[in-house]
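1. for reference, the sequence and a predicted model appear below.
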Amino acid sequence: MKLKQLSIPLENSPGRLHEVTRALGDAGINLRAHCICDSTHDFGVLRILVSDLAAARAVVMERLIPARVDDVVAVEIEDTPGSLADLLSLFLGTGINVDYMYAVAGANLQKAVMVFHFSAIDQALKVLEKSGARLLDAESFGILVGQD
């Protein structure tokens, strides 16, 4: 199962991240998972799973902020040394690359959740499903279902 992630390129300047997160918060949109990384010196990419994707897109579009929707996969793994490496070993020899990933902090201290963007997401899903990996759906993240 795929989740829809909003990717927002942000100028790397004081207040820019606050502006976007404040606008989303004021619109009643909850950030269910997020990461930001520096892609160049001048820009970074804010990647977020939000409670209401359509509303979040509207908020950024109103502010003329470019954004893109990407498919990602959330996988629950044991919160123990080597668990991530064990999961990644499923993809050895498949030609599937992890373009990026991030961890989600949660209330369950025995588990960790990793969000992946794969080079071939449908093939990656087949590998994960065949392995019995616990894939998380939108409801698990408090995301409205049926959004594009």
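-> Received it, and whenever you're ready, just let me know what you need.
2. just the element for Cys37, please.
-> Assigned by DSSP states H and E, Cys37 falls within strand 31-38.
3. determine the set of other helices and strands touching that strand.
-> For strand 31-38, the packing partners by 3 or more Cβ pairs under 8 Å, 6 or more residues apart in numbering; DSSP states H and E come out as helix 16-26, strand 43-50, strand 98-104, strand 111-118. Using the backbone N, CA and C atoms, a C-beta is placed for each residue, glycine as well.
4. so the residue located most distally from the centre of the chain, which of the three states?
-> Distance from the centre of the chain peaks at Gly93, with 24.6 Å (Cα atoms, centre = their mean). For Gly93, the secondary-structure state derived from DSSP: H, G, I helix; E, B strand; the rest coil is coil.
5. can you list the domains in the protein?
-> Following the TED database, the chain resolves into domains at 2-70, 72-136.
6. need the residues that contact stretch 136-148.
-> 1, 3-4, 30, 32-33, 49-54, 69, 74-76, 113 (Cβ atoms under 8 Å, 6 or more residues apart in numbering).
7. change it to 10 Å
-> Contacts to stretch 136-148, defined as Cβ atoms under 10 Å, 6 or more residues apart in numbering, come from residues 1-4, 30, 32-33, 49-57, 69, 73-76, 104, 106, 113-115, 134.
8. of the residues you listed, select the buried ones using a PyMOL command.
-> The PyMOL command for the buried members of the contacts of stretch 136-148 (criterion: 16 or more other Cβ atoms under 10 Å) is given here:
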select buried, resi 2+3+4+32+33+49+50+51+52+53+56+57+73+74+75+76+104+113+114+115
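9. and stretch 123-139, what's buried?
-> Judged by neighbour count using 16+ other Cβ under 10 Å, the buried positions of stretch 123-139 are 124-125, 127-128, 133, 135-136, 138.
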